[in-house]
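K.L.:
Structure of the sequence below:
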Amino acid sequence: MLREFKQIFIFTGLLILTGCISNRAVDILPEKEQSEFLISQGQKCWEKRHDTHQAQRAYLFWKRAAGLQRDNQELQLKLSRACHFMGHFVATEQTVKDSMFKEGLTAGRRALYLSDEFSAAFENATGDSALRQLSAISSAPPDLVPALYWWAANLGRYMAYKPAIQRIQHQEMVETTMHRILALEPDFYYGAAYRFFGALYARIPGVEMSRSADYFKLAIEKHPDFLGAYTLRAEFYQTKASNREQFHNDLMRVVNADPTILPDVMPENILEQEYAKRLLEREHLLFE
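P.N.:
Model (predicted):
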C-alpha cells in the first residue's frame, strides 16, 4: 500500500516538478477558461505520449479539467483513454494499475450516460440496473462507439487478473458491448473488438480456446501492424495454451517491428515494444 501511495504521489506531483504549469496561475482564471486551458495543455502533452512523462501530464491535465467540467462528454472520453494508457503502459504496481483502470471505466461510463439517447434507453428499459444497462448498450448509437470501447477496455484490463468468478460476472456486459461495436464499426481502433474477444475468451473458464485463437487471428489479419494484438495474444492466449515458442515468436515480432507504419498509434506501438520486452523477461515465470 505504501508503494501505491508513493506512485500516486509521484503522478500527482508531476506538474509542479516539471514546471509545466503554475497551479496559482490557473486558479485565478474563471472556471471555463481554466478548463479550456487544461484541456488544451493536456492535448499537447497527449500528442507526445510516446514519452510516458508527457502521457502522465496529459492524464493530470484532463483529470483536473474533468473535475471542472463533469458534463463534458468528450473530456470524459479523453480521460478514460488516458487512464487506460496509464494503467497499461506507465504504472508498474498492480494496485496502481487497478486504480487507473477503475478511474478509466468510471470516466467511460460517465461519457456513456452523458448521451441523451443512451440515458433515455436506460431509463425506458425494464429490470434491474444491469439489465437496463445491457439494453441501453444493445441499442447504443454509432457515435458512442469510442465511449463503449474505452469503458469496456478499462473494465477488461481491471478484471484480467481477478478471480474467475469475478470475470464471469462481467462477461455478458463486455460481450454485449463488443458485439455492439462490431455491429456498428468493426474496424474501430484497428479491430479493437476482435482483440478484446481474443483476450476475453482466453481468460474465461470453460470457453474453447479456439475461440480466442480465431479472434486474435482475425485481428492480426485485418491489422497486422497494430502491435498490441501480438502482445495481447502472447500474454493471454499463448500462456494459457502453453505455447512457449509461439509466445516468444509473437513478442519478437513486436520487438523487431517498425512502429511508425501506423502514425496515429505510433506512441502505442513504441510502448508495446517495451511491454513486449518486459513480458520476455518474465517468460521463465509464465511457463514454469
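
K.L.:
burial measure for residue 144, as a count.
P.N.:
When counting by other C-beta atoms under 10 Å, one arrives at 23 neighbours for residue 144. Any C-beta I mention is one placed from the backbone N, CA and C, and that applies to glycine too.

K.L.:
Find the nearest non-adjacent residue to it, please.
P.N.:
Closest residue to residue 144 apart from its sequence neighbours, by C-beta to C-beta, 6 or more residues apart in numbering: residue 115 at 5.7 Å.

K.L.:
ok, now which ones touch the nearest residue to residue 222 once chain neighbours are set aside?
P.N.:
In space, residue 222 comes closest to residue 191 once its chain neighbours are excluded; the distance is 4.7 Å by C-beta to C-beta, 6+ apart. When contacts are counted by C-beta atoms under 8 Å, 6 or more residues apart in numbering, residue 191 touches 218-219, 222-223, 226, 229.

K.L.:
Can you convert those residues into TSV and add a column each for secondary structure, distance to residue 77 and pLDDT?
P.N.:
Formatted as TSV, the contacts of residue 191 follow (DSSP: H, G, I helix; E, B strand; the rest coil; distance: C-beta to C-beta, whole Å; pLDDT from 0 to 100):
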residue	secondary structure	distance to residue 77	pLDDT
218	helix	26	97
219	helix	23	97
222	helix	24	97
223	coil	22	97
226	coil	20	98
229	helix	23	98
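
K.L.:
ok, back up a step: what's the distance between the residue nearest to residue 222 and residue 127?
P.N.:
Distance, residue 191 to residue 127, by C-beta to C-beta, to the nearest Å: 32 Å.

K.L.:
Show residues contacting the helix or strand harbouring residue 103.
P.N.:
Per DSSP states H and E, residue 103 falls inside helix 94-113. Outside of helix 94-113, the residues that reach it under the criterion C-beta under 8 Å, 6+ apart are 1, 3-4, 7-8, 63, 66, 70, 73, 76-77, 79-84, 86-88, 90-91, 118-119, 122, 136, 140, 144, 147-148, 150-155, 157-158, 161.

K.L.:
looking at it, residue 229 is touching residue 216, isn't it?
P.N.:
Yes. The criterion here is C-beta atoms under 8 Å, and residue 229 meets it with residue 216 at 6.5 Å.

K.L.:
Of these two, which one has the most company?
P.N.:
Remark: of residue 229 and residue 216, residue 229 carries more neighbours, 30 against 26, as counted by other C-beta under 10 Å.

K.L.:
and the more buried one, how far is that from residue 191?
P.N.:
Taking C-beta to C-beta, one finds residue 229 at 8 Å from residue 191.

K.L.:
Near the closest residue to residue 89 other than its chain neighbours, how many residues? Count them for me, please.
P.N.:
Nearest residue to residue 89, sequence neighbours excluded (C-beta to C-beta, 6+ apart): residue 271, at 4.5 Å. Burial of residue 271 is recorded as 23 neighbouring residues (other C-beta under 10 Å).

K.L.:
ok so, going back, top of the contacts of residue 191 by neighbour count?
P.N.:
residue 229 (30 neighbours).

K.L.:
tell me which element the nearest residue to residue 236 once chain neighbours are set aside falls in.
P.N.:
Distance criterion C-beta to C-beta, 6+ apart; nearest residue to residue 236, sequence neighbours excluded, is residue 202 at 4.1 Å. Assigning secondary structure by DSSP H and E places residue 202 in helix 188-203.

K.L.:
Output that helix as CSV, restricted to C-alpha atoms.
P.N.:
The C-alpha trace of helix 188-203 is given here as CSV (Å, rounded to 0.1, in the frame of the first residue of the first chain):
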residue,chain,number,x,y,z
PHE,A,188,-12.8,0.8,-34.7
TYR,A,189,-9.3,1.3,-33.3
TYR,A,190,-7.8,-1.2,-35.7
GLY,A,191,-10.2,-4.0,-34.9
ALA,A,192,-10.2,-3.5,-31.2
ALA,A,193,-13.2,-5.6,-30.5
TYR,A,194,-11.6,-8.6,-32.2
ARG,A,195,-8.5,-8.2,-29.9
PHE,A,196,-10.8,-7.8,-26.9
PHE,A,197,-12.6,-11.1,-27.6
GLY,A,198,-9.3,-12.8,-28.1
ALA,A,199,-8.1,-11.9,-24.7
LEU,A,200,-11.6,-12.4,-23.1
TYR,A,201,-12.1,-15.9,-24.3
ALA,A,202,-8.5,-16.9,-23.2
ARG,A,203,-9.4,-15.8,-19.6
